[in-house]
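Engineer: no FASTA, just this:
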Ligand SMILES: Nc1ncnc2c1ncn2[C@@H]1O[C@H](COP(=O)(O)OP(=O)(O)OP(=O)(O)O)[C@@H](O)[C@H]1O
Ligand SMILES: [Mn+2]
C-alpha cells in the first residue's frame, strides 16, 4: 500500500545536496551521518562549525529570498553547481525546520541577492546594518507616519562627486558609523528631510541631505517607482555603491546594485 509518506518522499529523492537552514546541532549531526558530503548549513552564525557553511546576513522572512541567498552563496563557495537538485529544509513559520522545498539550481535562481552582500564594495556588515535601519524605519515610520529614505553605501568619494548638498551636512565633522546605537536615532531624525545619506565602505556616515545627480542612461528600474528610486538605482550604475531605498508610498525596502533592482523586502515581515 502506498502511503502519503511514500509520495512525499519523492520530494527528497535523488537530490544532490541537502541544505539545512538554521538547524539545531542534533539535526546537523543526524544528516551528516547519512551523507556528510551532501549537507550544507545556511544560518546567521556558524555555531555548529559546519564543514560547508553559508552565512545569512539577514533572517530573510521571505523563504524564497532565504533559499535564493543560500543557493547563491553555496554556488559561490563551490558547494553546488548549476544542474544540481537540492532539498532545502527550512523553518517557514519559525525556528524549527517545518518544510522541505525541492529545487533545481538554475541560472534564473541567480537574483544577485548573495552578491549584494558578499561581493559589493562596502563591508557586508555595513550593508546589513543599513538594511536594519531601513527595515526599522519602515516598520515604525517617524512619529507614526510613513517615511521614505535613501541610503547610498560605498564608493563615497565618487558618490559625493555626483551629488550636491541640499542643506548643511549634520555629519560634516562627526565620525559616526552605522551600527553605533546613537546613529540609528540620528538617521531616523534626519530622514524626515530631503535627499540621500552617503555612507562609506567602512560604514562612516559621510553626509545627509545629498541630492544625487547620476546619469539615468541604462538604468533598469521597474515602472511606477519615482525619483528617489530612480536616483538611487542610477547612482549604482555610475559608481560602485549600492543603494538601499525605503519607499514612503508603498513601505517597501529595495536594494539596487549595478543599476538594477536586486532585492525587495517588506519591513512588516521582519
Ligand atoms: N535625485 C535625488 N537625490 C536624492 N533624493 C531624491 C532625489 N530625487 C528625489 N529624492 C527624494 O525622494 C523624495 C520622494 O520623491 P518621489 O516621490 O519622486 O520618489 P519615489 O521614488 O516615488 O519615492 P517614494 O516611494 O518614497 O515616494 C523627495 O522628496 C526627495 O527627498
Ligand atoms: Mn513618490
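Structural biologist: Structure's in. What do you need? Fair warning: this is a prediction, and the values are worked out from it, not measured in the lab. Ligands and ions are numbered 1, 2, ... in the order given.

Engineer: all contacts plus neighbour counts: C-alpha atoms, from now on.
Structural biologist: Fine.

Engineer: Assign residue 243 to helix, strand or coil.
Structural biologist: Classification of residue 243 using DSSP: H, G, I helix; E, B strand; the rest coil returns strand.

Engineer: burial count for it?
Structural biologist: Using other Cα atoms under 10 Å, residue 243 is surrounded by 31 other residues.

Engineer: For it, list each beta-bridge partner.
Structural biologist: residue 152, residue 256 (DSSP bridges).

Engineer: Show me the contact partners of stretch 22-39.
Structural biologist: Contact with stretch 22-39 is made by 16-20, 41-44, 48, 52, 90, 95-97, as judged by Cα atoms under 8 Å, 6 or more residues apart in numbering.

Engineer: Among these, which lie within strands?
Structural biologist: Judged by DSSP state E, the contacts of stretch 22-39 include 17, 18, 19, 20, 41, 42, 43, 90 as members of strands.

Engineer: now the strands for this protein?
Structural biologist: 17-21, 39-43, 53-55, 85-90, 99-104, 149-153, 163-165, 196-199, 205-212, 242-246, 253-257, 260-265.

Engineer: Export those strands to CSV and append columns for mean pLDDT and distance to ligand 1.
Structural biologist: Below are those laid out as CSV (pLDDT from 0 to 100; distance: least, Cα to the nearest ligand atom, whole Å):
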stretch, mean pLDDT, distance to ligand 1
strand 17-21, 97, 33
strand 39-43, 96, 32
strand 53-55, 95, 31
strand 85-90, 97, 32
strand 99-104, 96, 33
strand 149-153, 97, 7
strand 163-165, 97, 8
strand 196-199, 97, 5
strand 205-212, 96, 4
strand 242-246, 97, 6
strand 253-257, 96, 10
strand 260-265, 91, 13
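
Engineer: Let me have the ones you listed in JSON lines, extended by distance to residue 173.
Structural biologist: Formatted as JSON lines, the strands of the chain follow (distance: least, Cα to Cα, whole Å):
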{"stretch": "strand 17-21", "distance to residue 173": "43"}
{"stretch": "strand 39-43", "distance to residue 173": "38"}
{"stretch": "strand 53-55", "distance to residue 173": "35"}
{"stretch": "strand 85-90", "distance to residue 173": "46"}
{"stretch": "strand 99-104", "distance to residue 173": "51"}
{"stretch": "strand 149-153", "distance to residue 173": "19"}
{"stretch": "strand 163-165", "distance to residue 173": "15"}
{"stretch": "strand 196-199", "distance to residue 173": "14"}
{"stretch": "strand 205-212", "distance to residue 173": "9"}
{"stretch": "strand 242-246", "distance to residue 173": "24"}
{"stretch": "strand 253-257", "distance to residue 173": "28"}
{"stretch": "strand 260-265", "distance to residue 173": "33"}
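
Engineer: Quick one: buried ones out of the contacts of stretch 22-39?
Structural biologist: Buried by 16 or more other Cα atoms under 10 Å: 16, 17, 18, 19, 20, 41, 42, 43, 48, 52, 90, 97, out of the contacts of stretch 22-39.
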